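Participant: Compute the structure for the input listed below.
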Amino acid sequence: MPPLEHLPDAVGGIATRALYKRIGDFLFAQAMAPTPANYALAYAVLTDPAGDLAKSIAARTDGGVRLSQRDLDELGLRAERAAAAGQDAEPDKVELLAARAQSQMDGFTDVVVRMHSHTRDFGRELIASADAIERSRVEQGSSRLFVDDVARITSAMIGRVREAEHQLEDARHEAEELRQALEEARGDALSDPLTGLPNRRAFEQAFAERLAAGRNPCVAVCDVDHFKAVNDRFGHAVGDRVLRAVAATLADACPDHLVARHGGEEFAVLFDGDLAQAIAAIDVARATMARRRLRVRESDELIGTVTFSTGISASNHAERLEQVFERADALLYAAKAAGRDRIFSDAETAI
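Facilitator: Here you go, the predicted model:
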């Protein structure tokens with residue numbers, strides 16, 4: 001893992017640094033000048049590897065062919081259109097969700113206000129109805145008119161009760177829609193779109209929750225070995241598939257723990273068990289991944305063995321995530337330096 005990805009970055013952290021590096025690698029591999037237009041093209045391809053633009057570039061560069069100037073001119077125009085569409089579409093999605101939630105909240109407030117008004121009026125009518133029944137009983141005794149009055153008043157009360165029930169159901173429905181909208185927004189903010197795993201923010205929140213609960217979790221930092229070589233040889237679309245394969249392998253081996261994509265080719269796992277359990281689970285994932293022989297889907301070309309290295313550290317009482325992660329990251333560097341495809345833990349032993 002290049003040291004550049006661990007330099008402080010006020011803009012977006014490790015993930016942003018990784019994106020900068022991938023854009024630079026893309027431009028260099030295609031012998032493209034670092035112009036704004038070429039940067040926009042690379043950005044559009046790398047941030048939407050499953051999009052039409054990325055697929056078009058993959059098809060044109062199949063077999064190691066570089067993009068021609070004509071290709072760059074045509075693709076650059078498409079990148080500008082895609083960027084413009086993305087700038088328009090993404091805020092719309094967020095704004096639409098916010099507007100929807102606000103509208104539902106306003107509607108819920110209106111229902112509550114109406115319910116309060118109806119409840120107040122209903123109380124007054126109950127008092128008036130009770131008085132009317134008592135007067136009718138005194139004046140008419142057990143006559144037919146008294147029975148009719150009781151039936152009429154009772155029917156009116158039942159009608160008001162049913163109206164109140166309908167309004168309560170409306171309020172419940174509005175509240176449920178609002179809950180779902182907010183849950184959708186929260187899910188989007190805490191998941192990685194490429195792998196479907198929780199993202200860095202979700203990982204940090206989960207660690208904070210465990211710390212608040214008085215627990216001392218273990219943190220594993222995993223980084224795919226020689227990932228740049230995979231991207232350079234096979235393209236970023238294949239690289240993304242490799243990341244999804246590693247993500248799935250880690251998730252399968254650690255079903256009771258939080259597996260997150262921390263950024264770039266780096267994953268983080270939050271273990272609730274002790275260090276030995278964390279090491280055992282990661283080693284299952286490491287061995288499983290090392291046995292696989294991945295191939296390019298379109299050409300059946302052998303990608304070869306894909307491995308990852310890991311550093312694992314156990315947190316101490318009330319220790320911040322930054323401290324634990326720094327130790328795990330240093331152990332990851334040691335695992336890389338020792339030959340990769342291995343695990344280093346606080347015990348400074350390799351597996």
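
Participant: I'd like the mean pLDDT over the host helix or strand of residue 167, please.
Facilitator: Secondary structure from DSSP states H and E places residue 167 in helix 144-189. Mean pLDDT, computed over helix 144-189, is 68.

Participant: got it, and stretch 53-63?
Facilitator: 71.

Participant: Then stretch 277-286?
Facilitator: 96.

Participant: buried stuff in that stretch?
Facilitator: 278-279, 281-282, 285-286 (16 or more other Cβ atoms under 10 Å). (C-beta placed from N, C-alpha, C; glycine too.)

Participant: could these be laid out in JSON lines, adding distance to residue 263?
Facilitator: Output for the buried residues of stretch 277-286, formatted as JSON lines (distance: Cβ to Cβ, whole Å):
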{"residue": "278", "distance to residue 263": "21"}
{"residue": "279", "distance to residue 263": "23"}
{"residue": "281", "distance to residue 263": "21"}
{"residue": "282", "distance to residue 263": "18"}
{"residue": "285", "distance to residue 263": "19"}
{"residue": "286", "distance to residue 263": "20"}
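
Participant: Which elements pack onto the host helix or strand of residue 209?
Facilitator: Per DSSP H and E: residue 209 is located in helix 200-212. Judged by 3 or more Cβ pairs under 8 Å, 6 or more residues apart in numbering; DSSP states H and E, helix 200-212 is in contact with helix 13-29, strand 258-263, strand 266-271, helix 321-337.

Participant: List the contacts of the last one.
Facilitator: Judged by Cβ atoms under 8 Å, 6 or more residues apart in numbering, the contacts made with helix 321-337 from elsewhere in the structure are 1, 6, 204, 207-208, 211, 219-223, 225, 268, 309-315, 342-346, 348, 350.

Participant: Inside strands: which ones of those?
Facilitator: 219-223, 268, 309-314, 343-345 (DSSP state E).

Participant: Quickly check the residues you listed for the two that are furthest apart.
Facilitator: Spanning the widest gap among the ones in strands among the contacts of helix 321-337 are 223 and 314, at 19.3 Å by Cβ to Cβ.

Participant: Looking at these two, which one has more neighbours?
Facilitator: More crowded of residue 223 and residue 314, by other Cβ atoms under 10 Å: residue 223, with 24 against 21.

Participant: For ChimeraX, write the select line for the buried members of the contacts of helix 321-337.
Facilitator: Of the contacts of helix 321-337, the buried ones can be selected in ChimeraX as follows, counting by 16+ other Cβ under 10 Å:
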select :1,204,207,211,219,220,221,222,223,225,268,309,310,311,312,313,314,315,342,343,344,345,346
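
Participant: what about the protein, any weak spots by pLDDT?
Facilitator: Residues of the chain that meet the criterion pLDDT under 70 lie in 1-14, 60-151, 153, 171-172, 175-188, 348-351.

Participant: Would you map out the domains in it?
Facilitator: Listed by automatic domain parsing, the domain ranges of the chain are 95-189, 200-345.

Participant: related to what we said a few turns ago, and the helices and strands packed on helix 200-212 as a markdown table, adding distance to residue 38?
Facilitator: Formatted as a markdown table, the helices and strands packed on helix 200-212 follow (distance: least, Cβ to Cβ, whole Å):
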| stretch | distance to residue 38 |
| --- | --- |
| helix 13-29 | 6 |
| strand 258-263 | 24 |
| strand 266-271 | 27 |
| helix 321-337 | 31 |
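
Participant: Quick one: closest of these to residue 199.
Facilitator: That would be strand 258-263 among the helices and strands packed on helix 200-212, by Cβ to Cβ, at 6.2 Å.

Participant: got the contact list for residue 256?
Facilitator: Applying Cβ under 8 Å, 6+ apart to residue 256 gives the contacts residue 272.
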